[in-house]
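Q: give me coordinates for this.
(one chain, ligands or ions: 1)
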Amino acid sequence: MRNAGAVVAALLAVTAPLGAAGAEHTVVIDAMTFKPAVLTLRKGDRVVFRNQDLVPHTATAQGRFDSGVIPVGASWSVDPKTAGRVDYVCLLHPSMKAVLVVR
Ligand SMILES: [Cu+2]
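A: Prediction:
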């Protein structure tokens with residue numbers, strides 16, 4: 001593909017962190033599972049939830065964050081500001097559970 005380099009550059013520009021703040025982590029949602037099931041990050045890092053499954057999902061931590069419905073092929077991000085263990089689920093499929101460990 002002639003324009004592959006330009007496409008990659010554009011994608012990097014979109015996903016690069018703003019400013020000198022935190023790193024960016026990705027949680028892939030696929031096969032009714034959050035991967036990784038446990039993700040450790042630092043305060044201010046960004047977590048991008050990318051729905052690569054065949055059905056919509058949410059990433060919801062009561063009292064902390066709620067993505068709302070993430071359509072198939074879409075993503076949503078959050079920047080946890082306080083340290084601690086954050087258990088989250090998919091509201092549409094309560095058996096889907098995972099954890100963010102914010103240091
Ligand atoms: Cu779900």
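Q: what is the mean pLDDT for stretch 67-87?
A: Averaging pLDDT along stretch 67-87 gives 97.
Q: so is it next to the ion?
A: No. If you take Cβ under 5 Å from the ion as the test, stretch 67-87 misses the ion, and the best it gets is 8.6 Å. C-beta here means a position set from N, CA and C on the backbone, and glycine is covered the same way.
Q: now tell me what touches that stretch from outside.
A: The contact list for stretch 67-87 (Cβ atoms under 8 Å, 6 or more residues apart in numbering) reads 21-22, 29, 41, 43-61, 64-65, 92, 97-103.
Q: pull out the buried positions in that stretch.
A: 67, 70, 75-78, 80, 86 (16 or more other Cβ atoms under 10 Å).
Q: most widely separated two among those residues?
A: S75 and V86 (18.2 Å; Cβ to Cβ).
Q: now the buried members of the contacts of stretch 67-87.
A: 22, 29, 41, 45-47, 49-51, 53, 56-61, 64-65, 98, 100, 102.
Q: from those, which are also near the ion?
A: Answer for the buried ones among the contacts of stretch 67-87 near the ion (Cβ under 5 Å from the ion): H57.
Q: strands - which of the buried ones among the contacts of stretch 67-87 land there?
A: 29, 41, 46-47, 49-51, 60-61, 65, 98, 100, 102 (DSSP state E).
Q: bridging residues for D66?
A: T60 (DSSP bridges).
Q: mind listing the helices for this structure?
A: Along the chain, counting by DSSP state H, helices occupy 4-15.
Q: before we move on, back to that, tell me which of the buried residues of stretch 67-87 is nearest to the ion?
A: The ion lies nearest to I70 out of the buried residues of stretch 67-87, by Cβ to the ion, at 8.6 Å.
Q: contacts only, for the residue nearest to the closest one when sequence neighbours are not counted.
A: In this structure, I70 finds its nearest non-sequential neighbour in N51, 4.5 Å apart by Cβ to Cβ, 6 or more residues apart in numbering. For N51, the contact set (Cβ under 8 Å, 6+ apart) comprises 29, 57, 70-75.
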